[in-house]
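>>> fold the following, please.
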Amino acid sequence: MLTLKLKQAECALADGRLDEAYEVLTHDSVRQHRKGQDLAGRLARALVERGHQHLSSDRIQQALADCNKADKIAGNQSQIAQLRTAACDRLNQQHFAHQQREQKLAQAQRYLKAGQLSAAQQVMSAVEQGHANILSEEAQVLRVEIESALNGMHTALADQDLERALDSWASLSGRIPPTHTKVTDLLKQIKVAASSQIRTLLNQGRIDRAQGLLLRLEAVNMTSSETEEFNDVLGFCVEAAQAVEQHQPDRVARTLAKLKLILPEATWIDTMAQQARQADEALQQLSSGPLGLIKMNNQIDKPIVTVAHKVQNSLAPPVSIEPPQTTPTLDEPLVLQVNGVGSFLILPQNPVTIGPISGNTRPHLGLLTDPHLPAITLQREDEDYIVQGSGPIRVNQNQTTKRLLADGDRIALSDRCRMKFNQPNAASTTATLSISGARLARPDINYCILMDRDLLIGDQTSHHIRVPQLDQPVALLQQNGQLICRAAAPVMSKGHALSSSQGLPLDTPLTVGELSLVLTRYST
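Model prediction:
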């Protein structure tokens, strides 16, 4: 039997069947025989030779396998150690080359995402063609998309279609830097055209359309120093509108005088200023008449009663009764009007549905847009928000029907109906949603607030509503189904301070230090 195995190993070795010879020579009885030891030495040399052939063809793993077999049957000889060292060196070189290739591919991918196509292609030229094919195809597709969007911007500007130009730029958002040579001049033209159109709308008195265009510019990061001035104009317009609601014509006239300095060509300001002065004069005439005498004699707060009523109630002290104030429950959308800043839609529901106002189902937040667009649901789960569409939607240019949202994500129901999701404060689960393209039923609303437990108003970027002139932050909290206010200054309503646990009333001017606000129901 031993002789047969020795003969079998010798024949296999002579025919070059090294693996078969190795299997036979691994038996202890064969290796202990003198002839078996001789065959093992010859096999080890043959395995080393074959290992070098594998190594020269970059078959490193096969070379190491032959090295291990030779070491097992012949021991750690010098030629075997040399083969192992050479194979390990080649393996390290291969690993290093792989790392460099992966780094270059990652760098090319970053350049692609930034829209720097030439830099991406330069990096990919140093990578093997097989690994760069996919990125090259992506670069080509991206180049076509960018060229198409840039051509669309050119055409839209030539047609004076600013909305279409902004849509084209929005499709490039995040994929090409604003400093790109082909983009700089276009963006400058769009900003100039937008500023001119906003100024024209403001001069015409179309404050709602000017505000919508400003929100579009902010949504695609196209603001400039001039558009910031228009934000001040809108702030003055809101302040004047609130003064009208609060029957303060003198304050209306003062605010319009500031507006006239910024918009000297707006004739509607002169008309409204004249009406405000006339209303102020009429109020002054009323206060200087007989009714004014009643006020001067401090009789305004005393009820007018008949003699019979006086006799009937002679034993009861007079009581001044204030009309009851309606306090909303947090099961409906509310509008928070902040003086000098704007109006904000508060959505306390969870989940919140958003979609076309004329769609099949009535959403919590209805948009004036194409009724065939999908609706979305924003679900708050612990500290996370999940968006789910009734049909395909885009989140950061990626098509999906359901996705976990992160701060700064952009949601698109279509190319002309987009919104930006933000969580300004990491310690708060309340989020904000700014909408562009589509319009709300109330054009005066700046953006929406998905309110959980709290809503922060202050001068920091971490606050949900920013009021630059506010020294101390103001917090609105949900408590017992009502909205209460916590601040360093007392909350004043009609000259009386509200308690810290008292719900904020509806349709009532409130002041908290320098902050003035009104809470109303959202009606479409």
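>>> list the buried ones in the longest strand seen in the chain?
Across the chain, the longest stretch assigned as strand under DSSP state E is strand 384-395. Using 16 or more other CB atoms under 10 Å as the test for burial, strand 384-395 gives 385, 387-390, 393-395. To be clear about C-beta, it is placed using only N, CA and C from the backbone, and glycine gets the same treatment.
>>> with distance to Leu43 added, can I get those in JSON lines?
Putting the buried residues of strand 384-395 into JSON lines (distance: CB to CB, whole Å) gives the following:
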{"residue": "Tyr385", "distance to Leu43": "68"}
{"residue": "Val387", "distance to Leu43": "67"}
{"residue": "Gln388", "distance to Leu43": "66"}
{"residue": "Gly389", "distance to Leu43": "67"}
{"residue": "Ser390", "distance to Leu43": "71"}
{"residue": "Ile393", "distance to Leu43": "67"}
{"residue": "Arg394", "distance to Leu43": "65"}
{"residue": "Val395", "distance to Leu43": "63"}
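>>> re the thing from before, packing partners of the longest strand of the chain?
Helices and strands touching strand 384-395, by 3 or more CB pairs under 8 Å, 6 or more residues apart in numbering; DSSP states H and E, are strand 376-381, strand 398-404, strand 410-414.
>>> of the ones you listed, which approaches Asn151 most closely?
strand 410-414 (20.6 Å; CB to CB).
>>> and that closest one, what does it pack against?
Applying 3+ CB pairs under 8 Å, 6+ apart, we find strand 410-414 packed against strand 384-395, strand 417-422.
>>> which of the helices and strands packed on strand 384-395 sits most buried?
strand 410-414 (a mean of 21; mean count of other CB atoms under 10 Å).
>>> what's in contact with it?
Contact with strand 410-414 is made by 173, 355, 369-370, 373-374, 376, 387, 389, 393-396, 405, 418-421, 437-438, as judged by CB atoms under 8 Å, 6 or more residues apart in numbering.
>>> may I have that strand as CSV, with CA atoms only?
Below are the C-alpha coordinates for strand 410-414, written out as CSV (Å, rounded to 0.1, in the frame of the first residue of the first chain):
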residue,chain,number,x,y,z
ARG,A,410,-36.1,69.7,0.7
ILE,A,411,-39.4,68.1,-0.3
ALA,A,412,-41.0,68.4,-3.7
LEU,A,413,-44.4,67.4,-4.8
SER,A,414,-43.5,68.7,-8.3
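>>> could I get the helices and strands packed on strand 410-414 in JSON lines, plus columns for mean pLDDT and distance to Pro333?
Putting these into JSON lines (pLDDT from 0 to 100; distance: least, CB to CB, whole Å) gives the following:
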{"stretch": "strand 384-395", "mean pLDDT": "91", "distance to Pro333": "18"}
{"stretch": "strand 417-422", "mean pLDDT": "89", "distance to Pro333": "16"}
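>>> would a markdown table of those with distance to Ala253 be doable?
Output for the helices and strands packed on strand 410-414, formatted as a markdown table (distance: least, CB to CB, whole Å):
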| stretch | distance to Ala253 |
| --- | --- |
| strand 384-395 | 45 |
| strand 417-422 | 37 |
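>>> what number of residues lie near Lys7?
Lys7 has 12 neighbouring residues, counting by other CB atoms under 10 Å.
>>> remind me which helix or strand it belongs to.
helix 2-14 (DSSP states H and E).
>>> how about that helix: buried residues?
5-6, 8-10, 12-13.
>>> and it, what does it pack onto?
Right, helix 2-14 is packed against helix 18-25, helix 28-31, helix 34-56 by 3+ CB pairs under 8 Å, 6+ apart.
>>> worst mean pLDDT among these?
Here the lowest mean pLDDT among the helices and strands packed on helix 2-14 goes to helix 28-31, at a mean of 69.
>>> state the mean pLDDT of stretch 475-488.
87.
>>> what are the buried residues along that stretch?
So stretch 475-488, judged by 16+ other CB under 10 Å, has buried residues 475-476, 478, 483-485, 487.
>>> related to what we said a few turns ago, can you redo the helices and strands packed on helix 2-14 as CSV with distance to Gly205 and mean neighbour count?
Shown next, in CSV, are the helices and strands packed on helix 2-14 (distance: least, CB to CB, whole Å; neighbours: other CB atoms under 10 Å):
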stretch, distance to Gly205, mean neighbour count
helix 18-25, 91, 19
helix 28-31, 103, 13
helix 34-56, 83, 18
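>>> run through the strands of the stretch 201-350 of the chain in chain order.
334-338, 342-347 (DSSP state E, counting those that start in this stretch).
>>> out of the ones you listed, which gets nearest to Ser516?
Using CB to CB, the nearest of the strands of the stretch 201-350 of the chain to Ser516 is strand 334-338, at 7.5 Å.
>>> starting at the chain centroid, how far to that closest one?
Strand 334-338 sits 22 Å away from the centroid of its parent chain (CA atoms, centre = their mean, to the nearest Å).
>>> one more: stretch 406-418?
Distance of stretch 406-418 from the chain centroid (CA atoms, centre = their mean) equals 8 Å.
>>> before we move on, back to that, identify the farthest-apart pair in the buried residues of stretch 475-488.
Maximum distance among the buried residues of stretch 475-488 (CB to CB): 15.9 Å, for Gln478 and Ala487.
>>> picking that back up, out of the helices and strands packed on strand 410-414, which is closest to Gln189?
strand 417-422 (21.9 Å).
>>> can you list the low-confidence ranges for the chain?
Within the chain, the stretches with pLDDT under 70 are 1, 30-32, 108-146, 170-182, 219-227, 288-289, 291-329, 359, 446, 524.
>>> 50 instead?
295-324 (pLDDT under 50).
>>> what's the top helix by length along it packed up against?
Of all the segments of type helix in the chain, defined by DSSP state H, the longest one is helix 78-113. Counting contacts by 3+ CB pairs under 8 Å, 6+ apart, helix 78-113 packs against helix 34-56, helix 60-74, helix 117-124, helix 129-158.
>>> residues near His463, how many?
With neighbours defined by other CB under 10 Å, the count for His463 comes to 19.
>>> surely it is in contact with Ser428?
No. Using CB atoms under 8 Å, His463 is not in contact with Ser428; the gap is 9.5 Å.
>>> shared neighbours, these two?
Leu456.
>>> quick one on the thing from earlier: what angle sits between the helix holding Lys7 and helix 18-25?
Here the directions of helix 2-14 and helix 18-25 differ by 160 degrees (axes from the mean of the first three to the mean of the last three CA atoms, to 10 degrees).
>>> this completes my enquiry, with thanks.
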